[in-house]
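Student: Take this sequence and fold it.
(one chain, ligands or ions: 1)
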Amino acid sequence: MSTAEKTFSKGLEGVIAAQTEMSFINGTEGILEYVGIAIGDLASKSSFEETVFLLWNKRLPSRSELESFTQSLRANYGLCDEMITQIKSLPTDAEPMHVIRTMISMLSLYDTNPNENSVEAAREKALNILAVTPMIVAAFDRHRRGLEVVAPDASLGFAANFLYMLNGEKPTDAMIRAFDICMITHADHGLNNSTFAARVVISTLSDVYSAITAAVGSLRGPLHGGANEGVMKMLNLIPSVDDAEDHVMNMIKNKERIMGFGHRVYKSKDPRASELMTLAKQLADDTGNMDLYLKSNAIENIMEREYASKGIYPNVDFYSATTYHCIGLKLDLFTPMFVLARIAGWSGHVIEQLGDNRLFRPTTDYVGPHAAPYVSIDDR
Ligand code: SDX
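Tutor: Residues are numbered from 1 along each chain as shown. Prediction:
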């Protein structure tokens, strides 16, 4: 490629680095489709299990296909005893995102064929990682609370089983539905930073575990999946809805980033934020947390007034914070919830990359010196 054809786009903004059949995003009009189906339709009519099948197979399943996919997921819910022993040996003050990154990487040590990269083998590993990560999160949280680990219940769906393993009791239908919608809306989103990390790693023909581990590491960053925890911390700093104006204007004056707002692609409201706003309002009302919802709404109105002209709107993380809080999740489990869902997208992209691979190796614009002399140390 000639130098003239090389263009420098900081942060790869606007650069097409892969083709995908999974998510379509129109950032101007605020559209998100999974394999052509609008996110709003999936959030209201589908299930997380059906959405994973859609992303991985590029079509909706028949009833019998969904039944067998669901059964194969449930058959893999449980962690092996050695992994559970490892989790119980972890420091109870470890950050859950570091635990997840570490334990997903450790899964490869108990896979008899961790480096097998055929599409079939990759799908199998992806299914296993998707199925057991909820137990990694739940088992660690119970360990750090001094509680017994709860074994998975294969009669429960993905959402219900996670909440059951976390709390030790069967969740209500409303909570199951709410969590399922969270999983659907977070499942995939084009070439976001963590998905790109997964594709970059698997493009060397490394292994699925290394690719997903790299993605977890990327997602925890506050500019990416870690933002939902940042939103909650901000909401907790605002005493009441009447204080929102002063608090936000102060942040803007100090040029602070308002977590949960802005997006590299969306220059209109993230359609997932709209879905999660509706869910957050319902849950806040049901659980006596309307103050959180009202503060969020006030912040959205202030940001609309101050920043809409800059194309800065709520993103997926803004209302997921209130939603996760109302479901009863601790703050440092918010980003882990993003992991549980996004394993579906990361795996789908890993499989797509394996299906049509070329090693990722961008170039740089060298701006350093040339023909520099080597000065011996005595002369420096
Ligand atoms: C996710 O890519 C994906 O698809 C990600 C995701 C997914 O599903 O995988 O959608 C999930 O990561 C959502 C984003 C969560 N992150 C946050 O909420 C953190 C806060 N938002 C930002 O830091 C920011 O908006 C980014 C990182 C998300 C996007 O930033 P860009 O595209 O790199 O834009 P930028 O940092 O260059 O900002 C452009 C301008 C700057 O102002 P100027 O320097 O030009 O004057 O907009 C300002 C920024 O200061 N700006 C903000 C802001 N976001 C951008 N100012 C205040 N608050 C913000 N939130």
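Student: Please name every helix or strand in contact with the host helix or strand of residue 321.
Tutor: Secondary structure from DSSP states H and E places residue 321 in helix 316-327. Here helix 316-327 touches helix 173-186, helix 227-237, helix 271-287, helix 290-307, helix 334-355, going by 3 or more Cβ pairs under 8 Å, 6 or more residues apart in numbering; DSSP states H and E. For every residue, glycine as well, the C-beta is placed using N, CA and C.
Student: List the contacts of residue 271.
Tutor: Residues in contact with residue 271, defined by Cβ atoms under 8 Å, 6 or more residues apart in numbering, are 30-32, 38-40.
Student: same question, residue 363
Tutor: By Cβ under 8 Å, 6+ apart, the contact list for residue 363 reads residue 6.
Student: and it, how far is that from the ligand?
Tutor: Going from residue 363 to the ligand by Cβ to the nearest ligand atom, to the nearest Å gives 21 Å.
Student: coming back round to it: now, of the contacts of residue 271, which are buried?
Tutor: When the contacts of residue 271 are checked for burial by 16 or more other Cβ atoms under 10 Å, the buried set is 30, 32, 39-40.
Student: Turn those into a markdown table, columns for distance to the ligand and secondary structure.
Tutor: Below are the buried ones among the contacts of residue 271 laid out as a markdown table (distance: Cβ to the nearest ligand atom, whole Å; DSSP: H, G, I helix; E, B strand; the rest coil):
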| residue | distance to the ligand | secondary structure |
| --- | --- | --- |
| 30 | 12 | coil |
| 32 | 9 | strand |
| 39 | 11 | helix |
| 40 | 16 | helix |
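Student: Okay, residue 165 and the ligand: tell me how far apart.
Tutor: As judged by Cβ to the nearest ligand atom, residue 165 and the ligand stand 25 Å apart.
Student: So what's the predicted local confidence for residue 315?
Tutor: Looking at residue 315, its pLDDT is 97.
Student: Closest residue of the stretch 1-150 of the chain to the ligand?
Tutor: Closest contact between the stretch 1-150 of the chain and the ligand, by Cβ to the nearest ligand atom, is at residue 11 (5.8 Å).
Student: Leaving out chain neighbours, which residue sits closest to that residue?
Tutor: Of all residues not flanking residue 11 in the chain, residue 264 sits nearest, at 7.6 Å (Cβ to Cβ, 6 or more residues apart in numbering).
Student: From the buried ones among the contacts of residue 271, pick the one nearest residue 305.
Tutor: Nearest to residue 305 among the buried ones among the contacts of residue 271 is residue 30, at 18.8 Å by Cβ to Cβ.
Student: Those residues of the protein touching the ligand, which are they?
Tutor: Within the chain, the positions lying close to the ligand (Cβ under 6 Å from any ligand atom) are 11, 189-190, 192, 223-225, 227, 257-265, 310, 312, 315-317.
Student: Now, of those residues, which are buried?
Tutor: Buried, going by 16+ other Cβ under 10 Å: 189-190, 192, 224-225, 227, 258-265, 312, 315-317, out of the residues of the chain next to the ligand.
Student: From those, which land in helices?
Tutor: Residues of these located in helices (DSSP state H): 227, 316-317.
Student: Output the residues you listed in CSV; the columns should cover distance to residue 76.
Tutor: Conversion of these to CSV gives the following (distance: Cβ to Cβ, whole Å):
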residue, distance to residue 76
227, 30
316, 27
317, 29
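Student: Next, the residues that contact stretch 22-36 from outside, please.
Tutor: Counting by Cβ under 8 Å, 6+ apart, residues outside stretch 22-36 touching it are 21, 38-39, 42, 51, 54-55, 58-59, 187-190, 263, 265-272, 274, 313, 345, 348-349, 352.
Student: Pull the number of nearby residues for residue 321.
Tutor: By the measure other Cβ atoms under 10 Å, the count of residues near residue 321 is 28.
Student: ok, so what distance separates it from the ligand?
Tutor: Distance, residue 321 to the ligand, using Cβ to the nearest ligand atom: 10 Å.
Student: What separation do you get for that residue and residue 230?
Tutor: To residue 230, residue 321 is 8 Å away according to Cβ to Cβ, to the nearest Å.
Student: hey, what's in contact with both of the two?
Tutor: Common neighbours of residue 321 and residue 230, counting by Cβ under 8 Å, 6+ apart, are residue 260.
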